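Enquirer: No letters, just coordinates:
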Ligand code: SF4
């Protein structure tokens, strides 16, 4: 069993915070185990929780399109989330995403640190405020970091982090024009990450 598989197995029974109690599955990272590029999102959504895999819901489909447009092969990257269990609230029969709080983000940070240490990417893309908070700490704002490559040490990993928006924020854009503009900006950030790898 590889180190990543071992970590995923251990995370499957994690009780470091309360989020495991209402989720279906621990959704651990997946992808190329020695990838030079890691993509970190917020947490699994409804579909990810049901299927047990990261980025398989609507935001994942949008991410797939953005990766394609930016010239990145998803199979060549390592994809994970800052928080491994789905936090949600019931609204009728629907499960509505709830943002993880700072305590939950920090409780889960150990898993992210371990993944980054094992995979050893040269560039990590932090998608959204929760991923940024997990990496840079409390007080992180996407607008203060967006599009910059910043050298950082996270646990046993050292490398460059490029911050951008989470793909789900693009899905929430007010109208088509705003969505297209946000999507183009997201693709531009991913291109920057790809170019940093090629440099
Ligand atoms: S969210 Fe993270 S820290 Fe909390 S129980 Fe799940 S795996 Fe453990």
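Expert: That came in fine, so what should we check first? Note that the structure is a prediction, hence the values are computed from the model and not measured.

Enquirer: Sketch out the helices for this protein, chain order is fine.
Expert: Residue ranges of the helices in the chain, as given by DSSP state H, are 3-11, 46-51, 58-70, 102-119, 129-136, 142-145, 167-171, 176-198.

Enquirer: The fourth one and the ligand, any residue contact?
Expert: Yes. Using C-beta under 6 Å from any ligand atom, helix 102-119 reaches the ligand at 104, 107-108, 111. The way it works is simple: take the backbone N, C-alpha and C, and place the C-beta from them, glycine included.

Enquirer: Confirm for me that residue 38 is in contact with residue 127.
Expert: No. Counting by C-beta atoms under 8 Å, residue 127 is not a contact partner of residue 38; they are 10.6 Å apart.

Enquirer: can you put the residues of helix 102-119 next to the ligand in JSON lines and add pLDDT and neighbour count?
Expert: Output for the residues of helix 102-119 next to the ligand, formatted as JSON lines (pLDDT from 0 to 100; neighbours: other C-beta atoms under 10 Å):
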{"residue": "104", "pLDDT": "98", "neighbour count": "21"}
{"residue": "107", "pLDDT": "98", "neighbour count": "18"}
{"residue": "108", "pLDDT": "98", "neighbour count": "25"}
{"residue": "111", "pLDDT": "98", "neighbour count": "24"}
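
Enquirer: circling back to that earlier point, so which of the helices of the chain comes closest to residue 161?
Expert: Closest to residue 161 of those, according to C-beta to C-beta: helix 129-136, at 5.7 Å.

Enquirer: Give the rounded mean pLDDT of the closest one.
Expert: Mean per-residue pLDDT for helix 129-136: 98.

Enquirer: next one: stretch 8-17
Expert: 98.

Enquirer: List the buried residues of it.
Expert: Residues 8, 11, 14, 16-17 are the ones in stretch 8-17 that count as buried (16 or more other C-beta atoms under 10 Å).

Enquirer: Return only those of these found close to the ligand.
Expert: Within the buried residues of stretch 8-17, those near the ligand by C-beta under 6 Å from any ligand atom are 11, 14, 16-17.

Enquirer: Can you name the residues bridging to the nearest residue to residue 46 once chain neighbours are set aside?
Expert: Once flanking residues are discounted, residue 46 sits nearest to residue 95: 5.2 Å by C-beta to C-beta, 6 or more residues apart in numbering. For residue 95, the beta-bridge partners under DSSP bridges are residue 90.

Enquirer: so of the helices of the chain, which one's packed in deepest?
Expert: Mean neighbour count (mean count of other C-beta atoms under 10 Å) peaks for helix 129-136 among these, with a mean of 24.
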